[in-house]
Every structure is written in C-alpha cells, then in structure tokens.
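K.L.:
Following is a predicted model, sequence given first.
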Amino acid sequence: MPPPSRLLAVLPAGAVQPPPFDVLLKLHAHLLVSGLLSHSPSPYGDRLIAAIALSDPASPRPLLHALSLLASLPSPPYSASPYNAALRALSSCQHQHLLDRHCLPLYRALLRSGSARPDHLTFPFLLKACARVQDRAYGAVVLGHTQKLGFSADVFVVNAAMYFLSVCGSMVHARRLFDESPVRDVVSWNTLIGGYVRRGLPKEAIELFWRMVEENTAVRPDEVTMIGAVLGCAQMGDLQLGKRLHEFLEGNGVRCTVRLMNTVMDMYVKCGSLELAKSVFERIDTRTVVSWTTMIVGHARLGLMEDARRLFDEMPERDVFPWNALMAGYVQSKKGKEAIALFHEMQEARVDPNEITMVNLLSACSQLGALEIGMWVHHYIDKHHLYLSLALGTSLVDMYAKCGSIKKAIRVFKEIPDKNALTWTAMICGLANHGHAVEAIEYFQRMINLGLQPDEITFIGVLSACCHAGLVEEGRQFFSLMHAKYHLERKMKHYSCMIDLLGRAGHLDEAEQLVNTMPMDPDAVVWGALFFACRMHGNITLGEKAAMKLVELDPGDSGIYVLLANMYAEANMRKKADKVRVMMRHLGVEKVPGCSFIELNGVVHEFIVKDKSHLDTNAIYACLHEITIQMKHAANMIEISETGIM
DNA sequence: GTAGGGTTAG
C-alpha cells in the first residue's frame, strides 16, 4: 500500500479512469485501519467515494458501495464532489432501479449535509437523472434551486435543464429557456433540436436547424446536430429535404462518423430511396452491425427478402438486432415458415432472443396457425420470467385466437396487467372470429367504459361480430357510431363487412345502395359479399352485376365463374350455367390449386391439391380415405336419426 | 471532470 502522502495520487480527481473496484476496496480497508477516514474533514473520503462510484459502470456493486460509504462517513464531506461523483455514476448507470431508489435521496443528503453545497457540476448530473426517472415534480423543484443558487447563466446547467424539460416537461418551456438564456452553445441547439425530434415535432426541429445555420454565429452544426436534423427529416419522409441535408453535411465539414452515416442511411430507407441508402452504405468503410441491420430493414420493407438474407449472411458479426430485422421481414412478407426456420437457426447460433423476437415469432405462428410453437413461446416466456409486456401479451392473445384456442386467448388477456386499446382490440377481433358475437360486443362496451379509444381495427372486430350473428340493427349503429362519435375513417373493410351483414340478412337494396354510395371504388371483397348475398336470396339480376364486376377486377380468377355457374344452376337456369362453363373454357381460365398448412410436432407442412410430394404421402392418403369413410358414415347416422328411423 | 445522439417490434 502506498504511504498516505501518495494516496491522493492513486485516487485521481476528475475524469481520469479510477483504479479497478477490487483495488479500491483494499485501499478503503487501508484507509480505515490507518484512521485516515475518521479525520474531519478528509479529502480521502471524497476522493475514495468518487473513485469507487466510477470504477465500473457495468456493475451495480461499486455504486452501492460508494453510496453506503457516503452515508457512513464519520464527518460529512466538505464539498459536493463525492455527491457529484455518485450522481454522475447514477445518472448514466444501466441499472434503472438503482437510479430510481437513490437519485433523490442522494441530493437531499447533500442539501442536509450542512458542509457541502450543490455546485455547477451537481445540476447537470441531477437534471439528467431526473429526466431518466421521469420525476417531473422533483425536477421542477431542482429547476427552482438552480435559479435560486444563481446558475441561470451557466450554459451546462441551462442545457441540462432544457434536456430535462424536453423529456419530462413541455417543449414550450424548454424553448422559453432557450430563448431567454444569455448563453447558447452548440449543445443548446442540439438539445432543443433533439427534443423536438423525440416529441415527434420534426417541422420545429428542421426549422430550428435552418435558423442555426442562417444565424451563422460561432456555433456551427456538428455531428450531433446533423443526426437530429436527419432524424427529423426521416420522420417527415421528405426525400428532397434529406438530400439537401446530406449535401449540407458533406459540404460543411461535419465529421462523417459511422453513427451519422447510419442515420442518413436510415433516413433514405424511410424516405423510400433504397438506392441512395445503398450508395451511402457502400461508402462506409467501417460498417457496424447497425449499418448492416439498416440495410436489411431497407430491403425487407420492400419485400426483397432474398437480398435481405444475402446481406444477413454477408455481415461479419450479428447481435439480436439483425436476427429480429430479418425475422420481421419474413413476417411482413407473410413468410411465417421462413421466420420460424430462422428462429431455429438463431437458437443454434446461441443468440438470446428478446421480447421483439418473441413478438415476431408469435406473429408467424398466427399466420400459420401453428399452435404448438405458439404454446412453446408462451412456455418460454413463463420459464424465462420475461415480463408480459403489452406487445407480448397482445401478440399472445392474437396468436391463441388465430390458432383456434379462444379460451387460452381469454386467459392470457386476463393476465395482462395494463391493457391498452390494442390489447382489447385483439381480444374483440378474436372473439368475433370465433363466432362469439355477444361476448365481442360485451368486451367492446367494457373497453369503452374504461375510457379507451377504439380504432378502425376495433370496429372491424365488432362489425364482423354483428355479421356472424346477423345483428343488423347493432351493426348499423356501430357503423354510424364509428364515424359520428369516434371520428374514424370508414375503410373498405368496414364497408365490405356492413354489406356482407346487410346482404346475408336479405337487405339487398340497402346493401346495393351502400355499394353505390361508398366513397372508394368497391373491391373484390365488397362485390363478393354482394354476390354471395344475391345467390343466397335468389336475386339473379343484382348477382349478375356483382359477378361482372368481379370478373372485371380479376379476369384470371376461376372461382367467380364457378360460383356464377352455380348460382344459375341453383335458380334452374341451366342454359346460362352452361354458357358460363363454355366461356371459362374459351377464356382459358385455369383453376388455381388450393393450398393449406398443417403443423405437427412444431414443423409446418404445406400441401396443395393432389400433392404427392410429402415423404409420408401413402400413409396420409390412407388416413384421409379412412376419415372420409368415417365421416360419411357419421353423416348417414345423423341423417337417419333426424328422419326418425332410429 | 459536467450537458445533447443512431439500429429492431406494432
């Protein structure tokens, strides 16, 4: 151990990286034994606390040790510096619970110490910490202290105050501080620009950016400024502005770091120019995982999954992000099978999945109806004690409902602690699709009573519930309610639902009128619903009209010709039925083979009509044959029992 | 010594 005279050199003041935690622990013991910590006041205690607090940001232990040391000093510190060091470590520590628990007590202890006073370093750390714990009320108190103690002209304090307000308060207040501040530096501008972007106010951010450029003061935009401006531009999706910003930063000597160029790439992707994103990507010579992931996302969003996969394979190292990005791409392209295969690959590569992986995986299960895998995911979440977040809970509800297990969907739904409108919507749609119309409407009422705002999808749920149950009057009410009370735009899907409901119930005139007055061109689903209703109720004239529209919309679709022929046949119009069949042959319309999936032991198998490619084809067909016989037998039994012979 | 920043999911 060094003699006391050299200890202060071992315990550096300021930004120098302190020695490792275990060395400092020994030093602590040494200081205790030699009585150097019991002097009052003692520079050793201050420096020791600061050094320990900052010795290892990755572990919570040093910080806790420093905090307890601070509380147990025989005499209070005579400057704010040990408090500052602890606050500095807290304000940037990764352990949110430590921050939540210790931040404010620490500042209160400083105020109560009597010997130390908050200084110009205390407030930047403290305000950052307040922003991170989202404590509006206490932050406001702290802001009051900065004024009272005369820090209104300290640019570091003002900037930190602006940051706090931009996170926890209002941008108007942050802006006022900016406008009234006697001093501004590049961080002041960046904080405000960044605040606007975080609050989803890109216009204000860009406006401020141009003002910063035009005022042409000593303050010039730097890398952080440009990241803010480019992010704002990405939010607006304005490609022209994006190009201008890109040119600006290249012409004004802004450091083109990887971080900035990644942001530019992301902006080009969001503004719809994969080409420009690609050209930026090719000019980055030290690409990071983020650069590659952004390119994967860019390709995946356009459905270019083969290119996305190629990029994924080419990249030198991968964390969970690129795996999730590629998986999300497969899910969005409705390639659930590939998404699940990728998850298996991910497990083989020993990459830990996170919540987002699970959400994607559940979407894939929903698409495929893969209940077994979905249940495995549920089990995995329980086993690994993953928090049932809103996104995860909602995905689980959706998966169980779409995979046919409405009871499990309801059970999960009840377990989710803070349900939002999306969660309720998933449940309502699930109930509706399972034919539980009354329950779906009941859930809708409960959701409304909780004060939650339904969206367009919620109404698709309730309208389809009405449709399944033939609740015409309720349907009419919901249909007008969504527009009149909730100011939601009625989309194609709502109209098709409503037309289906009216048509099935035999209100063909009302259905036709709705088709004629709807604000968009009716699609195939609308005409299909109308056609179905006409066939059901024997309205041949209107049915023909709907069928013609369907042919117009998709001349290659064989289905409608078949259905039209069936409609004529049912109405005993044999000649017309034959005519349609002849027409089909002339036009060379081919029947599209049907296709289906089945999940077995966690593997999804795909079949098309008359498919013989599966390894177990013979066994499958034998089984199918057996089932068919049994079903016919069962049907006969029912028929017999219903006719009263048995 | 202090303040400001990018990527994944819906």
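P.N.:
Cool, the structure landed. Numbers count the residues shown, from 1 in each chain, chains lettered A, B, ... in the order given.
K.L.:
How about the secondary structure of A:His605?
P.N.:
Classification of A:His605 using DSSP: H, G, I helix; E, B strand; the rest coil returns strand.
K.L.:
Please disregard the earlier target; I meant A:Gly404.
P.N.:
Going by three-state DSSP: A:Gly404 is coil.
K.L.:
who's in contact with it?
P.N.:
Contacts for A:Gly404 (CB atoms under 8 Å, 6 or more residues apart in numbering) come out as A:369, A:371. To be clear about C-beta, it is placed using only N, CA and C from the backbone, and glycine gets the same treatment.
K.L.:
what's it sitting at in phi/psi?
P.N.:
Note on A:Gly404: backbone dihedrals following degrees, to the nearest 10 are phi 90, psi 0.
K.L.:
so where do the helices sit in the stretch 251-400 of chain A?
P.N.:
Ranges of helices in the stretch 251-400 of chain A, per DSSP state H, counting those that start in this stretch, are A:258-270, A:274-283, A:289-301, A:305-314, A:320-332, A:336-348, A:355-368, A:371-383, A:390-402.
K.L.:
Need those in a markdown table (columns: mean pLDDT).
P.N.:
A markdown table is the format used below for these (pLDDT from 0 to 100):
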| stretch | mean pLDDT |
| --- | --- |
| helix A:258-270 | 94 |
| helix A:274-283 | 94 |
| helix A:289-301 | 95 |
| helix A:305-314 | 94 |
| helix A:320-332 | 95 |
| helix A:336-348 | 93 |
| helix A:355-368 | 93 |
| helix A:371-383 | 90 |
| helix A:390-402 | 91 |
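K.L.:
Rebuild those helices as TSV, extending it with distance to DNA strand B.
P.N.:
Formatted as TSV, those follow (distance: least, CB to the nearest atom of the strand, whole Å):
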stretch	distance to DNA strand B
helix A:258-270	4
helix A:274-283	12
helix A:289-301	3
helix A:305-314	11
helix A:320-332	3
helix A:336-348	10
helix A:355-368	4
helix A:371-383	14
helix A:390-402	5
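K.L.:
who wins for proximity to A:Thr541 among those?
P.N.:
Comparing those against A:Thr541 with CB to CB, the closest turns out to be helix A:390-402 (38.2 Å).
K.L.:
Toward the C-terminus from the closest one, list the very next helix or strand.
P.N.:
Using DSSP states H and E, the helix or strand that follows helix A:390-402 in sequence is helix A:406-415.
K.L.:
now for that following helix, which elements pack on it?
P.N.:
helix A:390-402, helix A:421-433 (3 or more CB pairs under 8 Å, 6 or more residues apart in numbering; DSSP states H and E).
K.L.:
would CSV of these with distance to A:Cys271 and mean neighbour count be doable?
P.N.:
Converted to CSV, these look like this (distance: least, CB to CB, whole Å; neighbours: other CB atoms under 10 Å):
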stretch, distance to A:Cys271, mean neighbour count
helix A:390-402, 26, 24
helix A:421-433, 27, 24
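K.L.:
Now tabulate these in JSON lines and tack on distance to A:Met536.
P.N.:
Formatted as JSON lines, those follow (distance: least, CB to CB, whole Å):
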{"stretch": "helix A:390-402", "distance to A:Met536": "27"}
{"stretch": "helix A:421-433", "distance to A:Met536": "21"}
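K.L.:
neighbours of the closest residue to A:Ser92 other than its chain neighbours, just the number please.
P.N.:
Once flanking residues are discounted, A:Ser92 sits nearest to A:Pro57: 6.9 Å by CB to CB, 6 or more residues apart in numbering. For A:Pro57, the count of nearby residues is 14 (other CB atoms under 10 Å).
K.L.:
Give me the three-state assignment for A:Pro57.
P.N.:
coil.
K.L.:
Tell me the spacing between it and A:Ser91.
P.N.:
Plainly put, A:Pro57 is 11 Å away from A:Ser91 if you go by CB to CB, to the nearest Å.
K.L.:
cool, A:His537 as well?
P.N.:
Where A:Ser91 is concerned, A:His537 sits at a distance of 70 Å (CB to CB).
K.L.:
What segments of the stretch 401-550 of chain A are helices?
P.N.:
Secondary structure of the stretch 401-550 of chain A (DSSP H, counting those that start in this stretch): helices located at A:406-415, A:421-433, A:437-449, A:456-469, A:472-484, A:492-504, A:508-517, A:524-537, A:540-553.
K.L.:
how about these, which one is nearest A:Phe312?
P.N.:
Of all the helices of the stretch 401-550 of chain A, helix A:421-433 sits nearest to A:Phe312, with 29.4 Å by CB to CB.
K.L.:
Against which helices or strands is the closest one packed?
P.N.:
Here helix A:421-433 touches helix A:390-402, helix A:406-415, helix A:437-449, helix A:456-469, going by 3+ CB pairs under 8 Å, 6+ apart.
K.L.:
could the helices of the stretch 401-550 of chain A go into JSON lines alongside mean pLDDT and distance to DNA strand B?
P.N.:
As requested, the helices of the stretch 401-550 of chain A are exported to JSON lines (pLDDT from 0 to 100; distance: least, CB to the nearest atom of the strand, whole Å):
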{"stretch": "helix A:406-415", "mean pLDDT": "92", "distance to DNA strand B": "16"}
{"stretch": "helix A:421-433", "mean pLDDT": "90", "distance to DNA strand B": "7"}
{"stretch": "helix A:437-449", "mean pLDDT": "92", "distance to DNA strand B": "17"}
{"stretch": "helix A:456-469", "mean pLDDT": "91", "distance to DNA strand B": "9"}
{"stretch": "helix A:472-484", "mean pLDDT": "92", "distance to DNA strand B": "20"}
{"stretch": "helix A:492-504", "mean pLDDT": "92", "distance to DNA strand B": "16"}
{"stretch": "helix A:508-517", "mean pLDDT": "91", "distance to DNA strand B": "29"}
{"stretch": "helix A:524-537", "mean pLDDT": "89", "distance to DNA strand B": "21"}
{"stretch": "helix A:540-553", "mean pLDDT": "87", "distance to DNA strand B": "28"}
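K.L.:
on that earlier part again, in TSV: the helices and strands packed on helix A:421-433, plus distance to A:Leu121.
P.N.:
Shown next, in TSV, are the helices and strands packed on helix A:421-433 (distance: least, CB to CB, whole Å):
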stretch	distance to A:Leu121
helix A:390-402	39
helix A:406-415	46
helix A:437-449	50
helix A:456-469	50
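K.L.:
Near DNA strand B, which residues of the stretch 151-300 of chain A are found?
P.N.:
For the stretch 151-300 of chain A, the residues in contact with DNA strand B (CB under 7 Å from any atom of the strand) are A:155-156, A:159-160, A:163, A:185-188, A:190-191, A:194, A:197-198, A:222-225, A:227-228, A:231, A:257-260, A:262-263, A:266, A:288-291, A:293-294, A:297, A:300.
K.L.:
Repeat the analysis, applying 6 Å as the threshold.
P.N.:
Residues of the stretch 151-300 of chain A found near DNA strand B (CB under 6 Å from any atom of the strand) are A:155-156, A:159-160, A:163, A:185-187, A:190-191, A:194, A:222-225, A:227, A:231, A:257-260, A:262-263, A:266, A:288, A:290, A:293-294, A:297.
K.L.:
which residues in the stretch 101-250 of chain A form helices?
P.N.:
Using DSSP H, counting those that start in this stretch, helices in the stretch 101-250 of chain A cover A:122-133, A:136-148, A:155-168, A:171-180, A:186-198, A:202-215, A:223-236, A:239-251.
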